[in-house]
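Chemist: Structural data only, the sequence is not supplied:
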């Protein structure tokens, strides 16, 4: 196996973990994606140009990411924390799990565009749930918000999407 | 599949899209071989972009030759562990970009005006100001250790060497620093990461890696370096700039003056001090410490204090579990009132 396929193997094995690690430490999706891409480029340069091997690749990638995050924090605001609005979540159904037929009319691009119009916290809920497979308890830990707040915000997000594409 | 999920997976952190971007960037930088990263379909894509990227690459290389150093880009970190503990972030020109107070004690030391300075000047001022704030007492009979750890974020030895050389030159010109034992350590990014995970100052983490503690606790720097075997164990990783002999002699002279002021006879010490080298002076210092403590306890006994304790022996204090990074000491504290600026 050559270095390129080595890189791809490692990339695919670590991408989700690294992306999740970075995304919940920054405010914007685009910033997180930039940082993740830079981390992999740094790693690629390290093993290719300097012809070196890394023993624990995942830890190494997280290290690089943490260094870049330190630089990021110097310039950017962190996620805004939200107070619990006290709404009681209807536990009979999970809004993020349901198939929403009203969205059948919308294209994937349109849905994503609407998600990007949400607040940064709400985006983190959506991406955390749908992209990284986190449940409400995990989201609550990542975002340092009560689980009930996460659930009630999820409900509001779905309602806003339904309203948009009605 | 839920349509929202599908939309998000397509647009956010799309593995294949990222891989394509990395492939193209790697090609632009000339890092890849003829074989592309992502499979057969990538060959056609790369072939189509090859000509245009050649033009873009030429323009990029030309522009880069004139691009200045990014002064905000951190290339190295210098960790200073006294207690207090600081992290000084430095750019490629060895100028300070950021200073972080790592523990609560460090927050009382003013450092904002040090941004933009050369790293060696900032390190010297941080140490001096920590002394002014009461965290170091060069007048007492305790050896003071300051650990200065350099971490290159690009894992380059030349970054370590350059920064450590700057600091060593500063020590030679700085009278205050010559009163201290400065321990210079090179650490890797991985060790920094591990030390952060264990909530231990990086300098202590590195040196304690060489000493097996059965109960998992970490030794203070003073105790660690008082043992010649430990010094031998770390000699390949650590450079110790010991306290200047003259400074040590001055300190002992002052201590003898205080002993004599209490009515004690210091003649023998003075005779030994006359021709003493560094090792002998450290021995004399240790003995004076014992005698001072005995004199103090005798004074307490005379006033009816039943709790006169045993005298301290040696320059290091006992092993302490430094689980909380914010409270760990690298040097025995000069006084119990340390913690306020301008004490």
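Modeler: Nice, thanks for sending it over. Not measured: the values here are computed from a predicted model.
Chemist: Packing partners of the lowest-mean-pLDDT helix or strand in chain A?
Modeler: Sorted by mean pLDDT, DSSP states H and E, the helices and strands of chain A end with helix A:57-75, the least confident at a mean of 84. Packing partners of helix A:57-75 (3 or more C-beta pairs under 8 Å, 6 or more residues apart in numbering or on different chains; DSSP states H and E): helix A:3-23, helix A:29-48, helix B:189-198. (C-beta placed from N, C-alpha, C; glycine too.)
Chemist: now those in a markdown table, with mean neighbour count and mean pLDDT?
Modeler: Output for the helices and strands packed on helix A:57-75, formatted as a markdown table (neighbours: other C-beta atoms under 10 Å in any protein chain shown; pLDDT from 0 to 100):
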| stretch | mean neighbour count | mean pLDDT |
| --- | --- | --- |
| helix A:3-23 | 18 | 88 |
| helix A:29-48 | 19 | 90 |
| helix B:189-198 | 17 | 77 |
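Chemist: need the ones you listed in a markdown table with distance to residue B:181, can you?
Modeler: Listed next are the helices and strands packed on helix A:57-75 as a markdown table, based on distance: least, C-beta to C-beta, whole Å:
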| stretch | distance to residue B:181 |
| --- | --- |
| helix A:3-23 | 39 |
| helix A:29-48 | 36 |
| helix B:189-198 | 21 |
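Chemist: Relative to residue B:106, which of those helices is closest?
Modeler: Counting by C-beta to C-beta, residue B:106 lies closest to helix B:189-198 out of the helices and strands packed on helix A:57-75; the figure is 15.4 Å.
Chemist: Can you tell me the element the spatially closest residue to residue A:24 that is not a sequence neighbour falls in?
Modeler: Distances taken as C-beta to C-beta, 6 or more residues apart in numbering or on different chains place residue A:142 nearest to residue A:24, at 4.6 Å, with adjacent residues excluded. Following DSSP states H and E, one finds residue A:142 within helix A:136-143.
Chemist: And residue B:255, by the same measure?
Modeler: Counting by DSSP H and E, residue B:255 is part of helix B:245-261.
Chemist: what's that helix in contact with?
Modeler: B:138-139, B:141, B:175, B:178-179, B:266, B:269-270, B:273, B:276-278, B:281-282, B:284-285, B:288, B:291-292, B:295 (C-beta atoms under 8 Å, 6 or more residues apart in numbering or on different chains).
Chemist: What of stretch A:11-31?
Modeler: By C-beta under 8 Å, 6+ apart, stretch A:11-31 touches A:32, A:35-36, A:39-40, A:57-58, A:61-62, A:65, A:69, A:72, A:76-80, A:116, A:120, A:123-124, A:127-128, A:131-132, A:134, A:142-143, B:12-13, B:15, B:18-19, B:22.
Chemist: which of these count as buried?
Modeler: Buried members of the contacts of stretch A:11-31, scored by 16 or more other C-beta atoms under 10 Å in any protein chain shown, are A:32, A:35-36, A:39-40, A:57, A:61-62, A:65, A:69, A:72, A:79, A:123-124, A:127-128, A:131-132, A:134, A:142-143, B:12-13, B:18-19, B:22.
Chemist: What does the pLDDT read for residue 52?
Modeler: Picking chain A for this. At residue A:52, the model reports a pLDDT of 66.
Chemist: Oops, wrong one, chain B.
Modeler: So, for residue B:52, pLDDT stands at 63.
Chemist: ok, now residue B:247?
Modeler: Residue B:247 is given a pLDDT of 79.
Chemist: Neighbours of it, how many?
Modeler: 16 (other C-beta atoms under 10 Å in any protein chain shown).
Chemist: Please report how far it lies from residue B:176.
Modeler: To residue B:176, residue B:247 is 9 Å away according to C-beta to C-beta, to the nearest Å.
Chemist: Spit out the residues that contact the two alike.
Modeler: Listed as contacting both residue B:247 and residue B:176 by C-beta under 8 Å, 6+ apart are residue B:138.
Chemist: hang on, the earlier thing: not counting whatever helix or strand comes next after the least confident helix or strand of chain A itself, show me its contacts.
Modeler: Using DSSP H and E, the helix or strand that follows helix A:57-75 in sequence is helix A:108-116. Contact partners of helix A:108-116, identified using C-beta under 8 Å, 6+ apart, comprise A:29, A:103, A:106, A:123, A:126, A:160-161, A:164-165, B:3-4, B:6-8, B:10-12.
Chemist: Tell me which of those fall in helices.
Modeler: A:29, A:123, A:126, A:160-161, A:164, B:3-4, B:6-8, B:10-11 (DSSP state H).
Chemist: Get me the contact residues on chain B for chain A.
Modeler: By C-beta under 8 Å from any C-beta of the partner chain, the residues of chain B that approach chain A are B:2-13, B:15, B:18-19, B:21-22, B:25-26, B:29, B:31-33, B:35-38, B:72-74, B:89, B:98, B:153, B:189-190, B:193.
Chemist: please redo it, this time with the cut-off set to 6 Å
Modeler: B:2-3, B:5-8, B:10-13, B:15, B:22, B:25-26, B:31, B:35, B:37, B:153, B:189, B:193 (C-beta under 6 Å from any C-beta of the partner chain).
Chemist: Filter the contacts of helix A:108-116 down to the buried ones, ChimeraX style.
Modeler: In ChimeraX, this line selects whichever of those come out buried by 16+ other C-beta under 10 Å:
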select /A:29,103,106,123,126,161,165 /B:3,4,7,8,11,12
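Chemist: Surely residue B:77 and residue B:149 touch.
Modeler: No - using C-beta atoms under 6 Å, residue B:77 is not in contact with residue B:149, being 8.4 Å away.
Chemist: what about these two, which has more around it?
Modeler: residue B:149 (28 against 24).
Chemist: Before we go further, the more buried one is sitting in a strand, right?
Modeler: Yes - judged by DSSP: H, G, I helix; E, B strand; the rest coil, residue B:149 forms part of a strand.
Chemist: shouldn't it be in contact with residue B:81?
Modeler: No - Residue B:149 is not in contact with residue B:81 according to C-beta under 6 Å; the separation is 7.2 Å.
Chemist: which neighbours do those two share?
Modeler: residue B:203 (C-beta atoms under 6 Å, 6 or more residues apart in numbering or on different chains).
Chemist: Report the spatially closest residue to residue 129, excluding sequence-adjacent ones.
Modeler: No chain in the question, so chain A it is. residue A:96 (5.2 Å).
Chemist: not what I meant, chain B
Modeler: Counting by C-beta to C-beta, 6+ apart, the residue nearest residue B:129 is residue B:109, at 5.0 Å.
Chemist: Show me where the stretch 1-150 of chain B dips below the pLDDT cut-off.
Modeler: For the stretch 1-150 of chain B, the stretches with pLDDT under 70 are B:1, B:33-69, B:141.
Chemist: quick one: pLDDT of residue B:333?
Modeler: As predicted, residue B:333 sits at a pLDDT of 36.
Chemist: do the same with residue A:120
Modeler: Reading off the model, residue A:120 has pLDDT 91.
Chemist: cool, the one 4 residues further on as well?
Modeler: In the predicted model, residue A:124 carries a pLDDT score of 95.
Chemist: repeat for residue B:270
Modeler: 92.
Chemist: so how many other residues sit close to it?
Modeler: Residue B:270: 14 surrounding residues under other C-beta under 10 Å.
Chemist: Looking at the backbone only, give me phi and psi for it.
Modeler: phi -70, psi -40 (degrees, to the nearest 10).
Chemist: Give me the distance between the nearest residue to it once chain neighbours are set aside and residue B:88.
Modeler: In this structure, residue B:270 finds its nearest non-sequential neighbour in residue B:256, 6.3 Å apart by C-beta to C-beta, 6+ apart. Remark: distance between residue B:256 and residue B:88 (C-beta to C-beta) = 38 Å.
Chemist: Is it correct that residue B:169 falls within a strand?
Modeler: No - Residue B:169 is assigned helix when assessed by three-state DSSP, not a strand.
Chemist: Quick check: the gap between the nearest residue to it once chain neighbours are set aside and residue B:29.
Modeler: Counting by C-beta to C-beta, 6+ apart, residue B:169 lies nearest to residue B:120, which is 6.8 Å off, once chain neighbours are set aside. Using C-beta to C-beta, we find residue B:120 at a distance of 34 Å from residue B:29.
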